[in-house]
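Trainee: Coordinates for the following, if possible.
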Amino acid sequence: MQPANPRILTINGGSSSIKFALFEAGDSLRRILEGGIERIGLPEASLRVKGLNQADNFLRSVMAPDHAVAVGALMDWIEERSGRDVLTAVGHRVVHGGPKYSQPQRITAEMVEELRRLSPFDPEHLPEEILLTEAFHRRFPDLPQVACFDTAFHHDLPRVAQLLPIPRRYEAQGVRRYGFHGLSYAFLLGELARVAGTEAAQGRVILAHLGNGASLAAVHHGKAVDTSMGFTPVAGMPMSTRSGDLDPGLVWYLARTEKMSAKQFNEMVNFQSGLLGVSETTSDMRDLLDSETQDVWAAEAVALFCYQAKKWIGSFAAALGGLDTLVFAGGIGENAPPVRARICDGLGFLGIELVEKCNAANEGVISAAASRVAVRVIRTDEECMIAKTVCRVLGLGCNKEN
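Mentor: Numbering: from 1, shown residues only. Purely as a prediction, here's the structure:
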């Protein structure tokens, strides 16, 4: 029996994990539970759930050799908990929409085929995301599924920001700057309008999504002007294990000196670089901050991360013709005061002035009253954005969260 209010399951698949949340859409959007399946493909995979009901809070081991089996364990638990008809719709974060998909839409067999053709654009994410949609279709063939594309926010970047300086024939194949973290940016822009007003959200804004994946976006009049990630999510600033921008000549150098293949190079820049590569100990910013006074490589990893973020802020302020608001979000952006302080140090010429006490307390506004630029910390919520998007696409009528 269907519940009185629509219930939307959001699925956010990573390379070795699946994050999920269940929302009820009534007068407002209510999160009933959330959780994740971690370490997919390894023997010690686990299913973690946290809910409004105490009975929903647990951590258990699961068999999860791949994403399809992992999401099967999640579907089994949902059926055991609430019955087969509890879900009204499923919303999926799809990392790459390629040149075709600029708006969220209901998933069809034709879309799945098109996403298969797009898989070379993002081989780290798209194949698993396709498997997840197919697994739900097999179990619940009549359940509507909606694809929410992480590239959509940046789809209409100014032409000059889209272009890559390579031969024109590649543009015809869809090779351009796409940008990612779009669901996070859309949510942050909505939250900025809610907490600071429409005028602030329409101003010159830099959004810094700093987590395991890290990127920045320049926004004006509510539209993306530029973004640090490019054709793939490996571009831009250094991240937990991704390199960010590199000299393209490094590919040919390593091919000659170490016989490194293109596949090995891709593995290196996606999974062995960034904070992990520079520190050679960990990809976790918390651990690096704890050990930087004793470990010079840890200190250098933190310094490089902050320095590159500062450079992107400076370049985007130039692209925007000034700056009104800087927003920090993501696991690092929301929870690492020393990182925020070091990024903002030296940006006084832009009008950025932090209040040390407010920054240390992770307050919503961390800039001084006299600061020409408002600096804010806003908790991002991709799952909420997916649920809101599903409501809009399927006409379920609820976009407000309580």
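Trainee: Buried residues of the longest helix along the chain, list them for me.
Mentor: As assigned by DSSP state H, the longest helix anywhere in the chain is helix 296-320. Buried residues in helix 296-320, counted by 16 or more other Cβ atoms under 10 Å: 298-299, 301-302, 304-306, 308-310, 312-313, 316-317, 320. For every residue, glycine as well, the C-beta is placed using N, CA and C.
Trainee: Also stretch 50-66?
Mentor: Across stretch 50-66, burial judged by 16+ other Cβ under 10 Å covers 51, 56, 62, 64.
Trainee: what does the average pLDDT come to for that stretch?
Mentor: The average pLDDT within stretch 50-66 is 90.
Trainee: That one: how far from the chain's middle?
Mentor: Here stretch 50-66 is found 23 Å from its chain centre; the criterion is Cα atoms, centre = their mean, to the nearest Å.
Trainee: swap in stretch 354-369?
Mentor: 24 Å.
Trainee: end to end, how far does it reach?
Mentor: 9 Å (Cα to Cα, to the nearest Å).
Trainee: for it, which positions count as buried?
Mentor: So for stretch 354-369, counting by 16+ other Cβ under 10 Å, buried means 354-355, 358-359, 365-368.
Trainee: Turn the buried residues of stretch 50-66 into a markdown table, columns for secondary structure.
Mentor: Putting the buried residues of stretch 50-66 into a markdown table (DSSP: H, G, I helix; E, B strand; the rest coil) gives the following:
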| residue | secondary structure |
| --- | --- |
| 51 | strand |
| 56 | helix |
| 62 | coil |
| 64 | coil |
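Trainee: which one of those residues sits closest to residue 183?
Mentor: Closest approach between these and residue 183, by Cβ to Cβ: residue 51, at 22.5 Å.
Trainee: now the closest one: how far from residue 35?
Mentor: 8 Å (Cβ to Cβ, to the nearest Å).
Trainee: just residue 170 next, same as before
Mentor: From residue 170 to residue 35 the distance is 41 Å (Cβ to Cβ).
Trainee: Strands of the stretch 1-150 of the chain, start to end?
Mentor: Assigned by DSSP state E, counting those that start in this stretch, the stretch 1-150 of the chain shows strands spanning 7-13, 18-25, 29-38, 46-51, 58-61, 89-94, 105-106, 145-149.
Trainee: Dump these into a markdown table; add distance to residue 291 as well.
Mentor: Shown next, in a markdown table, are the strands of the stretch 1-150 of the chain (distance: least, Cβ to Cβ, whole Å):
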| stretch | distance to residue 291 |
| --- | --- |
| strand 7-13 | 30 |
| strand 18-25 | 28 |
| strand 29-38 | 24 |
| strand 46-51 | 27 |
| strand 58-61 | 28 |
| strand 89-94 | 33 |
| strand 105-106 | 46 |
| strand 145-149 | 38 |
